[in-house]
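Q: Pasting a predicted model and its sequence here:
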Amino acid sequence: RMETDCNPMELPNNTGFEEDSDYRDFEGTDVKDMRLEAEAVVNDVLFAVSNMFVSKTLPCAEDVAYINVETRERNRYCLELTEAGLRVVAYDFDQTDDSLQTPYHETVYSLLDSLSPAYREVFGNALLQRLEALKKESQS
């Protein structure tokens, strides 16, 4: 019975340790993951803005990446992408302004929706076209 009581598979701490060791294995790739996340954000909405790209000047870290965006109204922003979401950190490419206290947005869609009426229109039209295409597909 003593052996059964000491079976490491039954110790509650064991699962915590395994999670920690798994986390350590991924620590080195977190930077790449946030950059990949930023690239995915850019690819998602690039069609609806004038220009958008992941900053090559500002450092990507474990928990942050920066995205430059120019709206169709020709306004430039630098966006910070973190676990908390996206927010404007400057009103130009590759800048951060610590005095800016802008709100976080859960999605790039809501952030751009708040910044750019032209984005909203282009995105809405693209959505309508996609719905029309799906409607035609389902009718054929």
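A: Happy to help now that I have it.
Q: Residue 87 and residue 100: what is the separation?
A: Here residue 87 is placed at a distance of 8 Å from residue 100 (C-beta to C-beta, to the nearest Å). Where C-beta positions appear, they are placed from N, C-alpha and C, glycine not excepted.
Q: So between these two, which is more surrounded?
A: Here residue 87 and residue 100 are compared on neighbour count by other C-beta atoms under 10 Å; more neighbours surround residue 87, at 17 against 14.
Q: Give me the buried positions along the top helix by length along the chain.
A: Taking DSSP state H as the criterion, the chain has its longest helix at helix 117-139. Using 16 or more other C-beta atoms under 10 Å as the test for burial, helix 117-139 gives 118-119, 122-123.
Q: What ranges does the chain have for its helices?
A: Counting by DSSP H, the helices of the chain are 2-5, 12-27, 30-45, 108-115, 117-139.
Q: Residue 74 touches residue 50, doesn't it?
A: Yes. Residue 74 lies in contact with residue 50 (C-beta atoms under 8 Å); the separation is 6.7 Å.
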